[in-house]
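Trainee: sequence first, then the predicted structure, then my questions.
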Amino acid sequence: MDIVTEFMLNTCRIDSRASRHRVQAALFCGEVAALHTGDSEIIPFTTASVVDLYIEPMLPCIGDIDVMSYENTQLAIPRGHPPPTQLPAEFHNYVKVHEIIASHLPGYVYLELRYLLSECSDDDNYNAVEYDRGQLLSHNLLHNTLDIQGPALVYRSQNMTELSADLIHCIRCLSWPPQASDWPTRHRNYDWPDSATVDRVVSNGCDVVGVAHRQCRQDEWVSNHQWRLSFSRAEAVLLNNWMPIQQIVYHMLRFFMKTEGLTHIADIYTGCRILSEYNIKVLMLWACEMKGRSWWIDDLNVVGICVKRLHILADWFTDSRCPHYFINNCNLFDSLDNSQLTQNTAHILQSVTEAWLAEWFVNNCIRKSSRDLCPDIRVSRLFDDVSTYMKLQNAVSAVVAWRRDNSVLDLWEVFHPAEFHIAAAVYPHLLTTRSFVYWMTELAQIHSRLCVYFLAVAFLQVANKSLSHGDTVNDEVRDILATIRGQFTDTSRRHPNNLSVAMSLLDTAAKLMKVVANTSPSTMSSLLELSMSYLYKAWRCLDS
């Protein structure tokens, strides 16, 4: 057990944001941000394993990239809440607001169209006009608008080394839902999460995803109109608040369950999986809240912790109850019955011992890491004979040393293909102010050097576009250039009110002129020309 603990602690890199999965997710978010559905814009954000895990194990357990997205013309609010008078800058000037109506199943809701918000030109506040009641939103209607089949749009990369990407459409809710009202205030013996983290989670609100409960999918109307509350934002905050040992145990549990095929066991009648990776996340969230810091780090034994968690999961199967972490009356196993399949799964989990699981990790994780990832044949050959404790210890120590000494090489293996993929994703397509901001934001969270390279590609695209238009510069190229030169324009909102168009353009021209005073003579001419372009465009407005 201590050898597995040593291996996991010393080969999992901590706070490693530079990974090929994060690069791929960032590029996919940029591509999604450039999409339009009529007057709407798509706001993407990465969820699940890519953002939940801040560790980088030798054998990552990431099956695909999950990106959620919402339209900036749609918003959800809890039932009975007054319509908002102010919204974040990414929202449109006209926003449809839907009330969240609880269903008979905890965690599942309906959305009733209640208000149309329109932004005032004077103070940026929103006025609300009520709709007639009774109009329930169908997620199929939104999926058809986005050309999505089912709850997710699946993007398959032609490069087989890359992961597929799932685009899951949702409706943004800026408020914490009443269905989870007990979560922020419930008693916690070990002060996890602390009050600051709780406040941050609550302030992020939630999302509503267009998917019906499995018990309701046979009803055509309900299956099209029922939605599920999503706490992906909250989970990302909480998991990144975990100690490294908690992240490592979570990874080990997911790796074990996935490798053994336990997350793919499906009911023979319904075809639905009886256990998912989300159940493992819930299992760990409860453990982090109910176990103190000393339970995790005193007499540290990652295999023993995993076994205890698997036995708890077995008890949940036996009782057909997996308590939702945020909604206290929601049972994630409410569709399970005491079938032979359920009993067999519970028996498999309950029969796992520390000795058996330690040997399993040696054979399926440590050996595989050295064989598939370590090119030094002298290291991999050490595992040909691990018949004694000392021989196994020497082999593991050799892998740990190799992993430590190759951190720079691993970083190069992330950056080298990233440069190709950034150019391939950005240059052939028309760069927009929205996609520019999202690519910059996502890449900055990985490494600042990727932002520099992305800027170079963006400059090349704008230069090519400018040359193709001769002496004239169209509006899109002008806005992109101003954004690249310092993000002077308001890229968060693409649909200003008619009365504020000229003022917005004049404001941009003025900001560019202020920069001229502090810039070098070599770039002064281009900034002056860009400022004059905005000024001329403002004069052409009807409200100038």
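Mentor: That came in fine, so what should we check first? Everything numeric here is computed off the predicted structure, so don't read it as measured data. Residues are numbered from 1 along each chain as shown.

Trainee: list phi and psi for Tyr94.
Mentor: Here is the backbone geometry of Tyr94 (degrees, to the nearest 10): phi -120, psi 120.

Trainee: er, Asn331 actually
Mentor: phi -110, psi 110.

Trainee: ok, now Ile171?
Mentor: phi -110, psi 130.

Trainee: hmm, Gly205 and it touching each other?
Mentor: No. Counting by Cβ atoms under 8 Å, Gly205 is not a contact partner of Ile171; they are 11.0 Å apart. Quick note: C-beta positions are derived from backbone N, CA and C, even for glycine.

Trainee: looking at those two, which is more packed in?
Mentor: Ile171 (24 against 18; other Cβ atoms under 10 Å).

Trainee: ok, now which ones touch that one?
Mentor: Counting by Cβ atoms under 8 Å, 6 or more residues apart in numbering, Ile171 makes contact with Tyr70, Gln74, Leu75, Ala76, His98, Leu111, Leu137, Asp207, Val208, Gly210, Trp227.

Trainee: mind giving me the domain split of this protein?
Mentor: For the chain, automatic domain parsing gives the domain ranges 35-241, 246-373, 409-539.

Trainee: start to end distance for the first one?
Mentor: I take that to be domain 35-241. Distance between the two ends of domain 35-241: 33 Å, counting by Cα to Cα, to the nearest Å.

Trainee: what of the second one?
Mentor: From its first residue to its last, domain 246-373 covers 24 Å (Cα to Cα).

Trainee: average pLDDT for it?
Mentor: Domain 246-373 shows a mean pLDDT of 91.

Trainee: for Gln350, phi and psi?
Mentor: phi -70, psi -30.

Trainee: just Leu116 next, same as before
Mentor: When quoted as degrees, to the nearest 10, the phi and psi of Leu116 stand at phi -120, psi 120.

Trainee: how many residues are close by it?
Mentor: Leu116 has 16 nearby residues by other Cβ under 10 Å.

Trainee: what's it in contact with, if anything?
Mentor: Applying Cβ under 8 Å, 6+ apart, the residues contacting Leu116 are Tyr94, Val95, Lys96, Val97, Ala128, Val129, Tyr131.

Trainee: chain neighbours aside, what residue packs nearest to the fourth one?
Mentor: Excluding its sequence neighbours, the residue lying closest to Val97 (Cβ to Cβ, 6 or more residues apart in numbering) is Tyr115, at 4.1 Å.

Trainee: separation between that neighbour and Ile274?
Mentor: Tyr115 is 41 Å from Ile274, where distance means Cβ to Cβ, to the nearest Å.

Trainee: where does Arg449 sit: helix, strand or coil?
Mentor: Judged by DSSP: H, G, I helix; E, B strand; the rest coil, the three-state class of Arg449 is helix.

Trainee: one more: the one 4 residues further on?
Mentor: On the three-state scheme (three-state DSSP), Tyr453 is labelled helix.

Trainee: what's near enough to touch it?
Mentor: By Cβ under 8 Å, 6+ apart, the contact set of Tyr453 is Ala418, Glu419, Ile422.

Trainee: contacting residues for the residue nearest to Ala212 when sequence neighbours are not counted?
Mentor: With sequence-adjacent residues excluded and distances taken as Cβ to Cβ, 6+ apart, Ala212 is closest to Gln226, at 3.9 Å. For Gln226, the contacting residues are Ser103, Tyr108, Val109, Tyr110, Val211, Ala212, His213, Cys216, by Cβ under 8 Å, 6+ apart.

Trainee: next, count neighbours for Tyr227.
Mentor: Quick fix: residue 227 is Trp, not Tyr. Counted with other Cβ under 10 Å, Trp227 comes out at 28.

Trainee: what's the spacing between the nearest residue to it once chain neighbours are set aside and Asn140?
Mentor: Sequence neighbours aside, Val208 is the residue nearest to Trp227 in space, at 4.7 Å (criterion: Cβ to Cβ, 6+ apart). The spacing between Val208 and Asn140, counted by Cβ to Cβ, is 15 Å.

Trainee: so the two - more neighbours on which side?
Mentor: For Val208 and Asn140, the more surrounded residue by other Cβ under 10 Å is Val208, and the numbers stand at 25 against 15.

Trainee: can you tell me the element Asp410 falls in?
Mentor: helix 407-426 (DSSP states H and E).

Trainee: meant to ask about Val222, not that
Mentor: If you go by DSSP H and E, Val222 is part of helix 220-225.

Trainee: residues making contact with that helix?
Mentor: Tyr110, Leu136, Leu137, Ser138, His139, Asn140, Ala212, Cys216, Arg217.

Trainee: who touches the last one in this structure?
Mentor: This means Arg217. Arg217 neighbours (Cβ under 8 Å, 6+ apart): Ser223.

Trainee: phi first, then psi, for it.
Mentor: phi -80, psi -10.

Trainee: for Asn279, see how far away it is.
Mentor: Between Arg217 and Asn279 the computed distance is 19 Å (Cβ to Cβ).

Trainee: picking up where we left off before, will you turn the contacts of Tyr453 into JSON lines that also has neighbour count and pLDDT?
Mentor: Below are those laid out as JSON lines (neighbours: other Cβ atoms under 10 Å; pLDDT from 0 to 100):
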{"residue": "Ala418", "neighbour count": "25", "pLDDT": "86"}
{"residue": "Glu419", "neighbour count": "16", "pLDDT": "87"}
{"residue": "Ile422", "neighbour count": "22", "pLDDT": "85"}
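
Trainee: what is the nearest of these to Leu450?
Mentor: Checking the contacts of Tyr453 against Leu450 with Cβ to Cβ, the nearest one is Ala418 at 6.1 Å.

Trainee: just checking, that closest one touches Cys451?
Mentor: No. In this structure, Ala418 is not within contact of Cys451 by Cβ under 8 Å, at 11.4 Å.

Trainee: if we can go back for a sec, now the residue nearest to Ala212. Its backbone dihedrals?
Mentor: phi -90, psi 140.

Trainee: which pLDDT value goes with it?
Mentor: At Gln226, pLDDT is 96.

Trainee: now do it against Met257, distance only.
Mentor: From Gln226 to Met257 the distance is 28 Å (Cβ to Cβ).

Trainee: residues contacting Leu111?
Mentor: Leu111 sits next to Ala76, His98, Glu99, Ile100, Ile101, Leu136, Leu137, Ile171, Val208, Trp227 when contact means Cβ under 8 Å, 6+ apart.

Trainee: ditto for Val50
Mentor: Neighbour list for Val50: His21, Arg22, Ala25, Ile62, Ile65, Asp66 [criterion: Cβ under 8 Å, 6+ apart].

Trainee: next, the buried residues of stretch 456-466.
Mentor: By neighbour count on 16 or more other Cβ atoms under 10 Å, the buried set for stretch 456-466 is Val457, Ala458, Gln461, Val462, Lys465, Ser466.

Trainee: oh sorry, the question was meant for stretch 188-197
Mentor: Going by 16+ other Cβ under 10 Å, stretch 188-197 has these buried residues: Trp192, Pro193, Thr197.

Trainee: inside helices: which ones of these?
Mentor: Thr197 (DSSP state H).

Trainee: so can I have JSON lines of the buried residues of stretch 188-197 showing distance to Asn301 and pLDDT?
Mentor: Formatted as JSON lines, the buried residues of stretch 188-197 follow (distance: Cβ to Cβ, whole Å; pLDDT from 0 to 100):
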{"residue": "Trp192", "distance to Asn301": "21", "pLDDT": "97"}
{"residue": "Pro193", "distance to Asn301": "25", "pLDDT": "97"}
{"residue": "Thr197", "distance to Asn301": "27", "pLDDT": "97"}
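
Trainee: can I get the buried residues of stretch 188-197 in a markdown table with distance to Thr47?
Mentor: Listed next are the buried residues of stretch 188-197 as a markdown table, based on distance: Cβ to Cβ, whole Å:
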| residue | distance to Thr47 |
| --- | --- |
| Trp192 | 22 |
| Pro193 | 19 |
| Thr197 | 18 |
